[in-house]
Every structure is written in C-alpha cells, then in structure tokens.
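In: predicted model and sequence follow; I will ask about them next.
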Amino acid sequence: MRHVLGFDLGGTKFAFGIVREDGAVVASGRVDTLADQGPAQAVARATAAARELIAANGFDAASLLGVGIASPGPLDIARGCVDGSPNLPGWTGHPIAGEIGKAFGLPARIDNDANAAAVGEFRFGAGRGFPNMVYVTISTGIGGGVMVDGRLMRGANGNAAELGHLTLDIKGPPCPCGGQGCFEKYASGTAIAARARAALAAGRTSSLAALAGGADKVTSHHVLQARAQGDALAREIWDETLEYLGRGFAVIINTFNPDRIVVGGGVTAAGDVLFTPLRQKALGYAFPRLAAVCSIVPAGLGGDVGVVGAAACAFEAAR
C-alpha cells in the first residue's frame with residue numbers, strides 16, 4: 001500500500017505519523033509546539049523528529065506520496081500558511097507547508113484542522129458511505145468541515161464551514177473572531193466551564209468548586225462529573241448546553257442537508273448523556289424532511305483524527 005506523512009499542528013503539540021492508504025497509522029510521534037517561540041523552531045523540530053521516525057520504520061522520504069498538514073485556521077491555502085489564527089499568534093505568513101515539503105522533497109498541502117478531520121472521518125471513520133457529511137468538533141472551541149457529494153467544501157479561499165461562529169444571539173458575548181453570540185461561546189467545552197465558574201462567582205451553591213479543587217479550576221469534565229452525582233447547578237448548565245447544541249446542529253442540518261453528522265472533540269466523552277438528547281433536540285428543531293435523512297454519531301478516529309485527517313488530505317491531493 002501507499003503511504004503519506006501527516007502532521008497535526010496545534011497550539012500545544014505538533015503530532016505526526018506515517019499513514020497507510022487504508023487509514024492505518026504505521027508509526028507516530030509528537031513534539032511540543034512551543035507556539036509562543038514562533039513557527040520556525042516548531043517546524044524544524046517536528047520535521048527532524050519525523051525524519052527519524054521515517055528512518056526507524058524502514059521508510060525513506062522518496063517512497064512516500066506526499067505530506068498533509070492539519071492546522072488551526074484561518075489559513076491562506078495558496079501560500080501554505082496560517083492567516084490570523086487566534087491559536088497561533090505570530091505565525092501568520094510563515095510558509096509552513098513549503099518548509100515541511102522542502103524538508104522531505106515531497107508535495108505538501110495544508111488544510112484547516114476541522115476540514116482535515118472531516119476528510120479523515122469520511123474516508124476512514126464514521127462518515128464512510130455518507131457522501132453528504134458534516135464533521136463537528138466540540139472541544140476548546142467548535143469547528144467543522146463539510147463533505148458535499150463526496151468532496152470537501154473548501155470555499156472561496158479554503159476557510160469554509162467555520163461552524164463555531166454561527167451566530168446564536170446577536171446580543172450575545174463577544175467572540176475573539178470579532179463577532180458576538182457565536183455558537184462556540186455557548187456550547188464549547190470552554191463555554192461550559194466559563195458558565196459554571198461565573199455561576200459560582202455569583203454565589204450559586206454547588207459541589208463543583210470542591211470537585212475541581214477550586215472554582216477557577218472548573219472544566220467541562222467537572223460539570224459532567226458533578227451532574228452525574230446529582231449536582232443541581234451542573235445539571236442546569238449541561239441542560240442549557242444541550243439546548244444550544246440542539247439549536248446549532250439544527251441550523252447545520254437546515255443549511256447542509258447532510259445524511260450524517262459526525263461529532264468529535266473532548267466533550268463527546270460524555271457519551272449517551274450528550275448524544276441521546278442532542279439527537280432528540282437537533283432533529284426536533286430542524287426541518288422534518290431534512291431531519292428524516294440525518295443521523296448524528298460519534299467520530300470514529302479518536303485521538304488519531306488530526307494525523308489521519310491530514311494524511312487523508314494528502315491522499316486526496318495525490319489523486
């Protein structure tokens with residue numbers, strides 16, 4: 001089988017792996033991004049470590065088809081660089097794809113991390129067999145990628161489907177994107193934790209602070225844990241989150257008419273506590289004819305989604 005090299009760039013880690021064309025990760029590694037020290041050092045360390053990985057597993061760069069890079073957006077796809085990403089301040093304009101491609105003598109493509117995950121889930125994960133598929137990640141923020149008739153919808157400049165920035169309330173809290181009331185300001189893991197901490201600061205009674213070791217340390221996982229233990233505030237925050245998620249997913253269904261929505265990210269660790277009411281609410285709020293053909297399922301690639309998604313984009317580019 002053919003192989004590519006996939007890189008998953010994040011604010012804290014820079015993961016990479018050799019990926020087979022059936023989606024299997026043959027070998028993988030990672031380095032710390034140290035994002036505040038700039039892009040040059042991160043790219044240099046990641047490519048050096050990937051080169052060692054290739055040699056240690058009996059490959060040589062010439063035997064690989066190409067390189068895929070999944071990165072937080074927005075991106076300038078044509079230039080192969082980050083273009084104003086809030087997760088990578090100071091990285092704008094640095095030719096990440098060009099430098100990594102040159103290091104291995106291979107064609108390299110950079111894609112938005114959520115778009116790459118969408119392609120990965122479509123080719124190798126829970127989206128297989130569903131030509132009109134939306135991938136949504138619910139984690140620190142909310143991101144998305146959309147497959148239309150089996151092809152990734154990239155948009156006019158490669159930044160389509162910023163689903164976390166759908167506006168749920170025009171008078172809502174400001175978002176770093178410059179908007180107000182964005183989906184991710186209500187339903188991301190960060191938003192869940194922020195609402196819990198605000199409620200505690202306002203004097204609400206809850207076991208959350210004790211559970212987290214301090215009110216300022218509360219995360220979305222503590223909210224879920226407290227909810228399972230019968231905490232009233234945690235249940236209230238979670239129920240409110242589900243309402244936001246249901247409304248947001250209904251907008252996605254009404255906009256893209258998908259036959260499947262694949263959901264990934266840290267908040268999906270909640271399992272049925274998330275998925276059962278999310279399905280009920282989202283499908284109930286969407287147009288019935290569109291809801292009737294849409295299923296909502298957990299992602300299938302787990303922690304490998306970034307590397308495998310990047311690789312899937314490299315295989316797509318090599319067609």
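Out: That came in fine, so what should we check first?
In: contacts and neighbour counts: CA atoms only from here.
Out: Will do.
In: what's the helix or strand for the closest residue to Lys217 other than its chain neighbours?
Out: Spatial nearest neighbour of Lys217, chain neighbours left out: Ala209 (7.6 Å); criterion: Cα to Cα, 6 or more residues apart in numbering. Secondary structure assignment for Ala209, by DSSP states H and E: helix 208-212.
In: tally of neighbours for the residue nearest to Lys217?
Out: 18 (other Cα atoms under 10 Å).
In: so who does it touch?
Out: With contact set as Cα atoms under 8 Å, 6 or more residues apart in numbering, Ala209 has these partners: 200, 215-218.
In: ok, of those residues, which come out buried?
Out: Neighbour counting by 16 or more other Cα atoms under 10 Å classes 200, 215, 218 among the contacts of Ala209 as buried.
In: adding secondary structure, pLDDT and distance to Ala27, write the residues you listed out as TSV.
Out: Below are the buried ones among the contacts of Ala209 laid out as TSV (DSSP: H, G, I helix; E, B strand; the rest coil; pLDDT from 0 to 100; distance: Cα to Cα, whole Å):
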residue	secondary structure	pLDDT	distance to Ala27
Leu200	helix	97	45
Ala215	helix	95	40
Val218	coil	96	35
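In: closest to Leu233 out of those?
Out: Leu200 (9.1 Å; Cα to Cα).
In: from the contact counts, what lies against the longest helix anywhere in the chain?
Out: Ordering each helix of the chain by length in residues (DSSP state H) puts helix 232-256 first. In terms of contacts (3 or more Cα pairs under 8 Å, 6 or more residues apart in numbering; DSSP states H and E), helix 232-256 is packed against helix 184-187, helix 189-201, helix 220-228, helix 272-285, helix 288-291.
In: most packed of those helices?
Out: Of the helices and strands packed on helix 232-256, the one with the most neighbours on average (mean count of other Cα atoms under 10 Å) is helix 184-187, at a mean of 27.
In: make sure Val305 is indeed in a helix.
Out: Yes: using DSSP: H, G, I helix; E, B strand; the rest coil, the assignment for Val305 is a helix.
In: any figure for the gap between it and Asn115?
Out: According to Cα to Cα, to the nearest Å, Val305 and Asn115 sit 11 Å apart.
In: in its sheet, what does the helix or strand just after the longest helix of the chain sit against?
Out: Where DSSP H and E defines the elements, the next helix or strand beyond helix 232-256 is strand 260-264. Sheet pairing of strand 260-264 (DSSP bridges) gives strand 133-138 (parallel), strand 295-298 (parallel).
In: which one of the buried ones among the contacts of Ala209 is nearest to Ala160?
Out: Using Cα to Cα, Val218 comes nearest to Ala160 of the buried ones among the contacts of Ala209, at 32.6 Å.
In: could I get the strands paired with strand 260-264 as CSV with mean pLDDT, distance to Phe59 and mean neighbour count?
Out: As requested, the strands paired with strand 260-264 are exported to CSV (pLDDT from 0 to 100; distance: least, Cα to Cα, whole Å; neighbours: other Cα atoms under 10 Å):
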stretch, mean pLDDT, distance to Phe59, mean neighbour count
strand 133-138, 96, 32, 28
strand 295-298, 98, 34, 19
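In: save the ones you listed as a markdown table, and put in distance to Arg123 too.
Out: Shown next, in a markdown table, are the strands paired with strand 260-264 (distance: least, Cα to Cα, whole Å):
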| stretch | distance to Arg123 |
| --- | --- |
| strand 133-138 | 11 |
| strand 295-298 | 15 |
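In: pick out the most distant pair among the contacts of Ala209.
Out: The largest separation in the contacts of Ala209, counting by Cα to Cα, is between Leu200 and Lys217 at 11.4 Å.
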